[in-house]
Every structure is written in structure tokens, then in C-alpha cells.
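A.B. asks: Fold the stuff below for me.
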Amino acid sequence: MTARTREEWSEWRGWRAAAQDALYAPGGFYRRAEGPAGHFRTSVHTSPLFAGAVARLLCRVDEALGRPAALDFVDMAAGRGELTGGVLAALPAGVAARTRAYAVDIAERPAGLDHRIEWLAEPPRGTTGLLFANEWLDNVPLEVAEVDASGVARLVLVRRDGSERLGEPVDGEQARWLRRWWPLPGEEGLRAEIGLPRDEAWAAAVATLGRGLAVAVDYAHTADTRPPFGTLTGFREGRETTPVPDGSCDITAHVALDACTLPGGRVLPQREALRTLGVTGARPPLTLASTDPAAYVRALASAGEAAELTAEAGLGDFGWLVQPVGIPDPFRG
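C.D. replies: Residues are numbered from 1 along each chain as shown. Here you go, the predicted structure:
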């Protein structure tokens, strides 16, 4: 082991800086060719029903906007463009012809991506339409706080090998965020993830939208369900693992979506949002099995996928932060 390597592995840093490098620096987890789908499944990868539901939501936004000449769809943290391509494929031809699709990700543009999709590192400004962020905010790095033996909340420091120790007391804006959104009782060992960077990232993303709807979909908790020891974890090759900030695994933590919500926005569970958009999980009638067996099998498979997307204690528990900008909430009425 070289002296430089020893120095890197022994450096103590806050989780925000450590995760930022582990995920997004050259050679980091999200720079890999296989992309997120090589390590875990999101709702996008579970079923094309998800992209179809987002396409229907885009059509609702289109109606609320008065069917503009150009309708924008912005896919934040687009992975390899799976959702963007699925939405374009599911749109009615007339709407698709007016849609400008943007996939936003730090990775390089994937080979073979639909030529109609513009690949960007940052969301375009002044868009009119739908900005959709599926499992983006949970990968915005943040600091972790832990209560010490004296009842003081301190920043958790970490080395590249995943070992931790406590650092300085939490202060300033971070301390104010904790008091407002995740107050920690003075019991040693209790932890919280300081979601301030996510609040700021979401506000900046919403600010790029001229008119339309911004939606963030993620693992989430609210003020009455904060986990006492936090949610920081890792994922590698489809399995949950210890979070180690060396670039070998995803590093994620659930999102305090209530803290991210701007005036006029609200949070609803994925099962409610998808059912409003026509994803119900209802089984096809048995009579179809005798009249059209092939159609029955297809409908049964679709019902199974819909059930997975809306399941309690599963994907259905994801939060949808719905933030209208200059239009009525498409999920109301």
C-alpha cells in the first residue's frame, strides 16, 4: 500500500463529502457503465406500467397547461434513460410529437438511446411540462448526526473503509434544520440524517420549471415516522450492504420529503398516485381465460406488476412529492 493510499483510507470526513466522492467522482459508483440497474431495481425497472403512468401524468399536465406547442419532460437522475424512453413510447402520437424529452444524469449518454432524447448534465431552465425525479433525492449526499454520551448531537465522520467516529457538534443551518425537522432527544446513539442539501437540491430543480409540475419519488419518512437510528445504507448487486464510501456500492438514505416540500406542494404514497393514474393491480375476470387465454395471461402478468408497484411495505410506500408550478394539482379533482 502506497503512502497516498494509506492517507486516503485514514482520512476522516463527514458523510456528505465521503459519499459525494464515492458516488460521483471519476470512477465512482454512478460513473460505472452498468448504471443503477446493474445493482438494484427501481419502479422504472419493475414494470413498463410505471412509465405508462408517468406518460398519463404528463398528458394531465399538458391539459392543465392548455396544450402548449412544446411540452417538456425532464427526467432527473435518468440512469440510462429507461424512464424517458418508456414515457415517449407510451405517449399518444399527437402529444409525443410536441414533447421535448430531456434525460439528466452525470453519466455519459448511453449508446443506442432514442435520438429524440436530449442528454444533459443539468436540467434545462424555463421548461413547460413535467419534471420527474425518481429516486434522485435519496442519492443527494448529506451529513449524519449522532448523539454522544453527553447528549450532544455531533457530526459522524467516516473513513474510506467505512469506520466511523464522532466529530464536532452540529451547528449553524444544520442544527436549525435538525431542530425543525428531526429533533434528537439526548439519548446516546440516536442518529439523524441532515436533509438540508436535499431541500436545496429540490428547490433548485423546481426553480428550473417555468410552468407545470415537479414530482420527486423516493423512499421517504415524515416528521411522525423518523427512524431513531437513521436509514443510511448501501446496495451492491441487488443486495443491501454496509455503506462503505469507497465507490464499491450505492450509498443512500431515505428522504424527509416533508422538509423538501415547497408552498403548494404535498406528499402522497405511491399506491395512491399510481391508482389515480390507472395502475390498480386488479385481476382480470376469469371469463377472459376461456374466451382469450393469451390475453388473460398478459392481463394477469400486468396485474402482478401493478400489485408490486402499489404494495404496502414495498414500492407502494414510496412518497410522491407533488409540486405544481403555475397550474392546479393534477392529482386533485
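
A.B. asks: Start and end of stretch 99-118, how far apart?
C.D. replies: Terminal residues of stretch 99-118 lie 11 Å apart, using C-alpha to C-alpha, to the nearest Å.

A.B. asks: Distance from that stretch to the middle of the chain?
C.D. replies: Centre-to-centre, stretch 99-118 and its host chain are 18 Å apart (C-alpha atoms, centre = their mean, to the nearest Å).

A.B. asks: what is the mean pLDDT for that stretch?
C.D. replies: The pLDDT scores in stretch 99-118 average 96.

A.B. asks: Please list the outside residues in contact with it.
C.D. replies: Applying C-beta atoms under 8 Å, 6 or more residues apart in numbering, the contact partners of stretch 99-118 are 24, 30-31, 35, 58, 70-81, 84-85, 87-88, 91, 119-124, 127, 129. For every residue, glycine as well, the C-beta is placed using N, CA and C.

A.B. asks: Mind checking which of the residues you listed are in helices?
C.D. replies: The helices, defined by DSSP state H, take in 24, 58, 84-85, 87-88 from those.

A.B. asks: Looking at those, spot the one nearest Cys249.
C.D. replies: For the ones in helices among the contacts of stretch 99-118, the residue nearest Cys249 by C-beta to C-beta is Tyr24; the value is 13.8 Å.

A.B. asks: Number of residues surrounding that closest one?
C.D. replies: Residues lying near Tyr24 (other C-beta atoms under 10 Å) number 16.

A.B. asks: With Trp177 instead?
C.D. replies: 22.

A.B. asks: going forward, begin numbering at 17 instead of 1
C.D. replies: Fine by me, first position is 17 from now on; the one you just mentioned is Trp193.

A.B. asks: So which elements touch the lengthiest strand in the chain?
C.D. replies: When the chain is parsed with DSSP state E, its longest strand is strand 225-234. Packing contacts for strand 225-234, counted by 3 or more C-beta pairs under 8 Å, 6 or more residues apart in numbering; DSSP states H and E, involve helix 64-80, strand 143-150, helix 212-223, helix 273-276, strand 335-341.

A.B. asks: which strands and helices sit next to the shortest one?
C.D. replies: By that I understand helix 273-276. Contact analysis of helix 273-276 by 3+ C-beta pairs under 8 Å, 6+ apart lists helix 188-197, helix 212-223, strand 225-234, strand 335-341 as its packing neighbours.

A.B. asks: average model confidence for the second one?
C.D. replies: Just to be clear, that refers to helix 212-223. Helix 212-223 carries an average pLDDT of 98.

A.B. asks: the inter-axis angle of it versus helix 188-197?
C.D. replies: 90 degrees (axes from the mean of the first three to the mean of the last three C-alpha atoms, to 10 degrees).

A.B. asks: What angle do strand 225-234 and helix 212-223 make with each other?
C.D. replies: Here helix 212-223 runs at an angle of 140 degrees relative to strand 225-234 (the same axes, to 10 degrees).

A.B. asks: swap in the shortest one?
C.D. replies: In this structure, strand 335-341 runs at an angle of 170 degrees to strand 225-234, with the same axes, to 10 degrees as the basis.

A.B. asks: returning to that earlier point: who's in contact with the longest strand of the chain?
C.D. replies: Defining contact as C-beta under 8 Å, 6+ apart, one finds that strand 225-234 is touched by 59, 73, 77, 80-81, 88, 90, 142-154, 218, 221-222, 270-271, 273, 276, 286, 334-343, 346.

A.B. asks: Apply 7 Å and report the result again.
C.D. replies: Residues from elsewhere that reach strand 225-234 (C-beta atoms under 7 Å, 6 or more residues apart in numbering): 77, 81, 142-154, 218, 221-222, 271, 273, 276, 286, 334-343, 346.

A.B. asks: Tell me the predicted confidence for Gly320.
C.D. replies: You'll see Gly320 listed with a pLDDT of 62.

A.B. asks: Next: Leu331.
C.D. replies: For Leu331, the pLDDT comes out at 63.

A.B. asks: Ok, Tyr46 next?
C.D. replies: At Tyr46, the pLDDT value in this model is 89.

A.B. asks: how close does it get to Ala221?
C.D. replies: Distance of Tyr46 to Ala221, computed by C-beta to C-beta, to the nearest Å: 17 Å.

A.B. asks: more crowded one of these two?
C.D. replies: Higher neighbour count among Tyr46 and Ala221: Ala221, with 22 against 18, using other C-beta under 10 Å.

A.B. asks: what's near enough to touch the more buried one?
C.D. replies: Contacts for Ala221 (C-beta under 7 Å, 6+ apart) come out as 92, 139, 147, 149, 230.

A.B. asks: With Arg214 instead?
C.D. replies: Here Arg214 is in contact with 153, 156, 158, 271, 276 (C-beta under 7 Å, 6+ apart).

A.B. asks: Which members of those are positioned in strands?
C.D. replies: Under the assignment DSSP E, those contribute Val271 to strands.

A.B. asks: all helices for the stretch 217-349 of the chain, in order.
C.D. replies: Assigned by DSSP state H, counting those that start in this stretch, the helices in the stretch 217-349 of the chain fall at 273-276, 286-292, 303-307, 309-325.
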